[in-house]
Structures are given as structure tokens and as C-alpha cells.
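>>> Quick one: sequence and predicted model below, then my questions.
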Amino acid sequence: MDITSEILATKAGSGDANAFRELLERHYDLMYRVAYRTLGQQSDAEDLVQEICTSLPKKLGSFKADSKFESWLYRVVVNAGRDLMRRRGARARAADGWGDVELMQKANAIEKSENLSWLTRAMSRLSPELRETVALVLAEEMTHAQAGKALGLSEGSVSWRMSEVKKELRHMAQDEEMLQ
Amino acid sequence: MTDDLDKLAALLRDDIPPPSSNAKMAAIAAGMQAFENNSENVQGTADAARPIHNRPETARGFLEGLKHMFNKLTGRQMMLGTASFATIAVALVVSQGIDFNTGPGPIVNLGAPELGIAGNLNEQTQGTITTDDEVGYMRTEQPTDAVLATPDDADANAVASQEHKTTDNAPRLADSEDLTSGEAVPMVEEAEVVVTQELRERGAVDGLSEAPSIVAPMAVMPAAPVVDGLLSTQLDGRSVVGDTDQYYIEPTPENRDQFAGAEISSLKVTLDEPVSTFSIDVDTAAYSFVRSNLMRGYLPNPDAVRTEEMINYFSYDYPVPQAGEAPFSTSVTITDTPWNPNTQLMHIAIQGYEILAEDRPPVNLVFLIDTSGSMGQPNKLPLLIQSFRLMLSELNEHDTVAIVTYAGSAGMALEPTSAGERTKILNSLTRLSAGGSTNGQSGLQQAYALAAEMADDGDTSRVILATDGDFNVGISDPEALQAFIEEKRDTGIYLSILGFGQGNYNDALMQTLAQNGNGTAAYIDTLAEAQKVLVDQIGGALFTIAQDVKIQIEFNPSEVAEYRLIGYETRALAREDFNNDTVDAGEIGAGHSVTALYEITLAGSSAISNDPLRYGDAAPLPEGNGELAFLKLRYKNPGESTSILVTTPVMADADAGLGTEVDFAVAVAGFGQLLRGDTRLGDWSFDDVVALASTARGNDTFGYRAEFIRLVRLAETAQ
């Protein structure tokens, strides 16, 4: 890979179809990973990435060649994920940790804990904000500063979110202990 | 806990299904198609950047961001995050009057407040922004640029948000058959979450996007716990709570509170109905509930006001019973009515004896704690946990404590443990967290089973239910639940209720349960209240000294033409119930005082409302003998089934020498009646309450009476 993604992006931005195809090929997996970890559903993640791919040509105009393409792309995916959640309204937000219905489902989920993987239970406890944060910090192994850039947050906010994640995991452990 | 984080990281990296190759191909194809379309349009030049409001660099951009931000704000919650913004926010006025208590359904109601706010921003910002030096560059802008929301924008926004709500609602309804009343508050919270997300993304103020984690949790607090009500300022029906950095208009909750409100006791003609019978009531929930409303700047629902509970909230300096007598003393005073010069008040004071801490028998307590999702707010579960910590300091190693939680399922959070093991109990308290729906019934069953297990001979066992009052799952039949509690009461396990929070409070159910469980219902709105109920008056909460206490008064028609009982509407008993020992009535706890007031119109007074009957029994009444009424009290000693009768004749000049104590009770009675909209007070007003109460503060060691006076003054402005 001689040509950097940044150069590809600049070329694609000025109308180079091959450069654009190469860009998509290279980064499809990255986009999918982040989308999947934020949404938790393969089909949702695939749909979201397709949507991003179709909107990318227009978005490329806002990419500045002096920044890192991957960082920029993370941000695009994160924003698309947020847009999707918002569009879906309650169904997505039901998993946000707000509202009775979700809590009821959560309670049921805990009762049926044998049937659900630990990961699913952990992720379903996290709000979308925390999910997108762990997707970048834990799964993509970004530093808090990098993740902050992608999320449009300060480094401190990312650290705070991660401490919230820890807290939530601790609560989960306690809840599950209590039921045993 | 790092282990769990590592585990999460590892699983996140590994446990990911690969995307299907079809999906990848389809996505890339779609992307290429879009690329071609795009290129055709722009002929090889990139489109202008997608407008991003995140980091606007010009004043115009700043205002754009501002406009978007205000567009996204709903009337439910205004939140402005930074100091640089506060200068603008201060001038924000919401003039749209909204009826908080009787608002229509949550969806229909949404449009109006948003329109109102957007409209006001229009006017306000034009005048305000230009006065701030910090944002001086804005002065160069045309006023039209500073307009934050045009009526059209506001309109569209309101509609969009209505759609949001509608779709939000659908899956909820499908998922929650039992949630008949469980919709409004969570929806409000969701809306708020969206707002803060919008704010963050739009990043209208840079500082705001820096600190979203601080913004978000604040925003979902439906009501900041107002410790000192004077912090909150009245602003057109909504109170603004905040410090110099944050101003937000407190959301007006969709009110799901339910009250036991009964008709105000009517005026009785002594000749027709000489006997008045009622059960005593030592609950205090109504007063704390009224207080929490007034401190938030609005008048309570009249149905929530039970005058007798307001009177009985306060401690009075009544004579203590002598050893060897009845467990309580009874004193009667006849005094003038402050709101009617032609009537009198009959003040009945009952004072239970105190149990000294060192003399009290050990207690078994089962805390039944509601940990449903609705309890997550700061004035609920966190306050509850703090309250119990306070209470724990009053218990000793002979007492036993257990904790049962109930949410989606009921579970034991702490096995029966000696109150001496403070650390163990405190740890289990701090581990409580809110989540799930409310299965009150199975929680109660489990708590009672545990209490029965813990009961040794002679011990007092009590279940203390702490809840925001929502029994939305598992309760198929409230009457069956009541019967269950009555049955357990007869086995010697009592039930007390601590109510928390607002917007969801089922006062009626709590009342019923506590009354039938031989317990008290208290409403905890602040830590100070917890201190009062669970520390200062813990004896009353834990030790019943007299059971099924009933009061019956027979008025002498020769002396008293008309009378009415003030309060006790929900405690009225039938005349024959007085002598029927199987009829349940209120309990007096150690140290409790109980006050009842009758307004009486003496024969020959110009205040008599009812003319004598022309065709009635014309026989003249015998000459009065100065005896206004005959007071009878029945009570049972704890655990006994036969009642004891106490009688006292009430003479026209009865005076127990209670002085200001009577005056203060009368002031509270007047206040309660004013809040209930009673018509028999003439032009007596809140000012008169303040004047009367101010002269009757007595010792007021803990400042409750001073607080009462502050509350009455708040009520004047909360109209």
C-alpha cells in the first residue's frame, strides 16, 4: 500500500472513482467494526455502513488532507450511528438505559442471563454514548485523546465515560451476584 | 474491576461476526453509484463541505449554532451549560402559562410550551445579546441575525418532536401491558436525552461540547433536590433552580401522582347528627408532600392536602400521660375561631408517652426497598439510602435488620443481620441500584415471610416499605393486597411506608396499605425530613403504644347548634363502628401527638348557617348546662383485641392551658383548609396564617415551625 488513505481521499474528493473504490475496500471492515460495536446487530451494522458508503462522496469534501483519514472516518461512522439511533426514536433509545420498558427488558435479560453472553449483557447495559466510547477505546485500542477526537469530545470526557463503563460493569457484577 | 474491563475489551475485539461478503459488495457498489452521481453533478469538484455546526468560526456561525440549540430545546427542560451563556439565559422568560396539575395527555401537550418558549426567545435575545461585552462582536450583526427562532421554526420543531413522541410510544405500549400509568415520566427523560445529544453535536458553545458527560446526567434529573426551597425562584409558574453556571427551567413532570382526596367534611346540624366519629391519623405524608410542591413553586393538588396530617406533622408541647394511666393524655380546649368571630374551635390534644431509648424492646426491621427504574432519581433511591444510614445510628446490636429489594423480581439484599454490624448493612445499602419494573406484591410477600422468620417472642416486627409508590407489576387486585396486609397485621407484623419522589407517587395506595398495616405513612422529600421521621421520632415509627384509636364526640344540641370536623375526611367512621372492636383504626406511636379540631357554632350565634325547620320537631330544647359535648375515646393496648373506653365531658370554658400550641395547630389547620379551597374561611388569607403562626412558634427546637411560616409565604406567590 504505497498510497496513503489521505492521498486516496484527496483524489477521490476531486473525482477519482478508482481512488474512491480503493478507499471503500480498505476501510469497509473498520466502518463495520465500529458500527457493529455501537449497534450490536450484524444486519444493522451492515445497513449503516452501506448508508455511510453512499453518503461518503459528498462528505469527502469536508476531509482536510492534513488530518488522518481514519480519525476522520471514525467520526463519520460515530455520527452516522448517532443519527440512526435518533431516527429510530424509542426503539434504539430503549436500549439507552432510559425508561421503564428498557429497564424491564434489562431485568428480564438478567433473569435469563444463562442464555445471553456476558458481552451482550454488558453492552446492553451501556448507553450508546458509552458503547461508542468502548468501541473506540477498548476495541480499536485508541488512546483517550484519539477517541476524544473521533467522538468530538475532550480527552477528559472520554476518561470520564470510561470510568462510567467501569462503574456499570461493577453494578452488573453485583446484580448478577445478587441473583445467584 | 480492571478485569471486567479487560474482559470487555477482549470480547469486543474477538466476538464480532464477520460482515457478509454480499453486504460488503453491495455497500461498495452503492457507494460507487453515489460517487458517480455526485461527480456528474459537480464535474469533478468536491461539494462544499457538509455544513457542520460543531466549531463555527464566525459570529454568524455562533448564532447559527445558538439558533439550532434553542430550536432543539423543549419547554420541558431548558439547560444552558456554560458561564458565557448564562448572561443570555438570565433574561430568558417563559410567559406561557401551563397548568401543571391537570395537563392533558403527554403527547397532545407538547406543542404549546415549545412554541411559547421559542416565541419568547425571539423577543428576549434581540434585546439582550447586544448588551453583553463578552460577545460584543454580535453588535455588528443585524437584529434579524440574532433572532433565534422564527415562529415557523418553532412550529416545525414542535411538530417534529410530536412525531418523535408518537413513535416512541408505540413499542412501549406493546411491551408493557401492566404499565397503565407508567408512560409519562420516562418519555420526558428520553426527550431530554435527545436534547443534550443535540446540544453536544451542534456544539453551539465550544465549552458545552467539552463537557457532555457533565451535561448529560444533569439533564435527566427531573427535579434537582431542593434542600432549601428558598433557592428556587418563582418564574411564571416554573421555578428556575441553579447556580451561577447553570440555569434551567425545571421540567414540569407529567403528573402521575394519585391521591386519596375525599370530600371536605361538611357542616353538620347538631340536632340532625349529634355524633361525630373518626379514627385518629398520625401520618405526616401530606405535609411533606405539600412542602415539596411549594418549594418547587407551585400549589399542591388540593386532593393531596389532608389537613389533619399537616397539623399532626408538628410536635406539640402537650401534657405527658402520668404513669399508670392510659398510654396517652387527652386535653380539650375551647378557643375563638380566628377566621370567624361568631364560632369557636374545639381543640382536642392527645399525647402518647415516650419510650426511652434504653428501655425499648429490640425490633426486627425488614426494609422493603423499591429499586425499580423510576427510583433512580436523586430524590428517591439515593435519598432513601442516606435516610437509612441515618436511621441505622438509632438502632443497636439487639435489633435485627434485613433488606429485601423489589424490582422486576424480588430478592433479598441483606439477610437478617444484627444492627451492630454496621459495615455489613451499609455495604449492602450502597450496593443498591435502580433498575427494572416494580413487582410490589412479591416483594411484600417476601418481606413478610422474612419478618415472620425473624420474630422472636415479644419482639416487634415491622416491614418498612420505601417506594415512590408505583406497584405496576404483579398487582392484579389491590383489595387482595390489602387483605394480605390485614392478615399479616393480625399476626403481629406491621407495615410502615416511606414515600419518595414525585410525579409517580401513589399516595392513595400508600395510605391504604399503611392504614391497614397498622403503620404510618411518611413522605421523605429531604434528608432533614428523614432525620425527623427516622431519627428524632423513631420511637413513634417503631413502637405502637395504642391501637385502633377512635374518637367519638356527641354534641349537646342545647349548646352547640352546628359543628364541623376539620380534616380527617379519609378517616371518618360510622357511628356504630366506635363500639365495634373489629373495625380497624389508627395507631399512636411512642411520643406521637394527635390533634383534632372542630369548628362549632354555639346555639344563638349569628353564624348559624341552617335555619330551624318550620315543620320539624318543635319541642323546645332543654336549657343548656354549659356542657358542649361529650368526648369518648377507644383504644386497645398493643396486641389486645378488646378496647378500653376513656370519656371526658367538654365544658364551654374548657382550657387545658396549652396556649400557643393551640394557636399553632389552628394556623396549620387554616393553611390546610386554604390549600384545599375550603369556603368556610371567609376572607382569611395566607397572611393571616403567617401572622397567627408567627406568634405561636413556641420552642421550635428543630425549626419546623419556622419552616412552616416560610412555606405559607411561598404559597402566597405560588398561586
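Sure thing, it's come through.
>>> going forward, measure contacts between C-alpha atoms and count neighbours the same way
Noted.
>>> Just list whatever residues bridge to B:Ile406.
Actually, residue B:406 is Tyr rather than Ile. Beta-bridge pairing for B:Tyr406 (DSSP bridges): B:Asp370, B:Ala410.
>>> wouldn't it be in contact with B:Leu368 here?
Yes: the pair formed by B:Tyr406 and B:Leu368 meets the contact definition of C-alpha atoms under 8 Å, at 7.3 Å.
>>> Between the two, which contacts overlap?
Taking C-alpha atoms under 8 Å, 6 or more residues apart in numbering or on different chains as the contact rule, B:Tyr406 and B:Leu368 both touch B:Gly443.
>>> For A:Leu136, list the residues it contacts.
Per C-alpha under 8 Å, 6+ apart, neighbours of A:Leu136: A:Val34, A:Met142, A:Ala147.
>>> Helices - which of those land there?
Cross-referencing the contacts of A:Leu136 with the helices (criterion: DSSP state H) gives A:Val34, A:Ala147 as the overlap.
>>> Of the contacts of A:Leu136, which is the nearest to chain B?
The shortest distance between chain B and any of the contacts of A:Leu136, using C-alpha to the nearest C-alpha, involves A:Val34 and amounts to 10.3 Å.
>>> Looking at the closest one now. What's its pLDDT?
The pLDDT attached to A:Val34 in the predicted structure is 87.
>>> And the pLDDT at the closest residue to it other than its chain neighbours?
Taking C-alpha to C-alpha, 6 or more residues apart in numbering or on different chains as the measure, A:Val34 lies nearest to A:Ala135, with 6.0 Å between them; neighbours along the chain are not counted. Here the pLDDT value assigned to A:Ala135 is 86.
>>> What is the neighbour count of A:Ala135?
23 (other C-alpha atoms under 10 Å in any protein chain shown).
>>> and it, what is it in contact with?
For A:Ala135, the set of contacting residues under the criterion of C-alpha under 8 Å, 6+ apart consists of A:Val34, A:Arg37, A:Thr38, B:Leu12.
>>> Check the secondary structure at it for me.
Look at A:Ala135: counting by DSSP: H, G, I helix; E, B strand; the rest coil, its state is helix.
>>> Does the lengthiest helix in chain A reach chain B?
What stands out as the longest helix in chain A, according to DSSP H, is helix A:155-179. Yes: residues of helix A:155-179 are located near chain B by C-alpha under 8 Å from any C-alpha of the partner chain, namely A:Ser157, A:Trp160, A:Arg161, A:Lys166, A:Leu169, A:Arg170, A:His171, A:Gln174, A:Met178, A:Leu179.
>>> Please spell out the ChimeraX selection for the buried subset of these.
Provided next is the ChimeraX selection string for whichever of these are buried by 16 or more other C-alpha atoms under 10 Å in any protein chain shown:
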select /A:157,160,161,166,169,170,171
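>>> With distance to B:Phe708 and pLDDT as extra columns, can I get the residues of helix A:155-179 next to chain B in TSV?
Listed next are the residues of helix A:155-179 next to chain B as TSV, based on distance: C-alpha to C-alpha, whole Å; pLDDT from 0 to 100:
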residue	distance to B:Phe708	pLDDT
A:Ser157	43	83
A:Trp160	42	84
A:Arg161	43	87
A:Lys166	44	87
A:Leu169	45	86
A:Arg170	43	85
A:His171	41	83
A:Gln174	42	80
A:Met178	43	68
A:Leu179	45	62
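>>> With respect to A:Leu48, which of the residues of helix A:155-179 next to chain B is nearest?
The shortest distance between A:Leu48 and any of these, using C-alpha to C-alpha, involves A:Arg161 and amounts to 24.2 Å.
>>> How about the closest one, nearest residue that isn't a chain neighbour?
Nearest residue to A:Arg161 in three dimensions, chain neighbours excluded: A:Leu130, at 6.2 Å (C-alpha to C-alpha, 6+ apart).
>>> how about low-confidence regions in chain A?
Low-confidence segments of chain A, defined by pLDDT under 70: A:1-2, A:88-117, A:178-180.
>>> Kindly recompute the last result at 80.
A:1-2, A:40-44, A:64-67, A:84-122, A:124-125, A:128, A:175-180 (pLDDT under 80).
>>> ok, and the most crowded of the contacts of A:Leu136?
Using other C-alpha under 10 Å as the neighbour criterion, A:Ala147 leads these with 27 neighbours.
>>> contacting residues around that one?
So A:Ala147 contacts A:Thr133, A:Leu136, A:Val137, A:Leu153, A:Glu155, A:Val158 (C-alpha under 8 Å, 6+ apart).
>>> repeat that for 6 Å
Shown here is A:Ala147, which makes no contacts under the criterion C-alpha atoms under 6 Å, 6 or more residues apart in numbering or on different chains.
>>> Equivalent analysis for the one 3 residues further on, please.
A:Ala150 makes contact with A:Ser71, A:Tyr74, A:Arg75, according to C-alpha under 6 Å, 6+ apart.
>>> Could you turn the buried ones of those residues into a PyMOL selection?
Only the buried members of the contacts of A:Ala150 enter the following PyMOL selection, criterion being 16+ other C-alpha under 10 Å:
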select buried, chain A and resi 74+75
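>>> Distance from the longest helix of chain A to the middle of the chain?
Distance of helix A:155-179 from its chain centroid, counting by C-alpha atoms, centre = their mean, to the nearest Å, is 18 Å.
>>> other SSEs contacting it?
helix A:144-151 (3 or more C-alpha pairs under 6 Å, 6 or more residues apart in numbering or on different chains; DSSP states H and E).
>>> May I have the helix it packs on as CSV, with CA atoms only?
Output of helix A:144-151 as CSV, limited to C-alpha atoms (Å, rounded to 0.1, in the frame of the first residue of the first chain):
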residue,chain,number,x,y,z
HIS,A,144,-8.5,8.6,25.2
ALA,A,145,-7.2,11.6,23.2
GLN,A,146,-7.7,9.9,19.9
ALA,A,147,-11.1,8.6,20.9
GLY,A,148,-12.0,12.1,22.0
LYS,A,149,-11.1,13.5,18.6
ALA,A,150,-13.2,10.9,16.9
LEU,A,151,-16.1,11.5,19.2
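>>> Any stretches of the stretch 301-450 of chain B with poor pLDDT?
Those would be B:322-325, B:355-361, B:371-379, B:406-412, B:431-443, if you go by pLDDT under 80 across the stretch 301-450 of chain B.
>>> Helices along that one, start to end?
Assigned helices in the stretch 301-450 of chain B, in chain order: B:307-312, B:381-392, B:422-430, B:440-454 (criterion: DSSP state H, counting those that start in this stretch).
>>> same thing with chain A?
With DSSP H as the definition, chain A shows helices at residue ranges A:5-13, A:17-39, A:42-59, A:69-88, A:90-93, A:100-111, A:118-125, A:128-134, A:144-151, A:155-179.
>>> For B:Asp611, which of these is the nearest?
With C-alpha to C-alpha as the measure, helix A:100-111 is the member of the helices of chain A nearest B:Asp611 (57.8 Å).
>>> domains of the chain?
Assuming you mean chain A. Here chain A is described, according to automatic domain parsing, as comprising the domains A:1-88, A:97-180.
>>> my question was about chain B
Chain B breaks down into these domains under automatic domain parsing: B:59-249, B:268-355+B:545-608+B:623-687, B:357-531.
>>> Compare those and say which comes out lowest on pLDDT.
Least confident of the domains of chain B, judged by mean pLDDT, is domain B:59-249 with a mean of 37.
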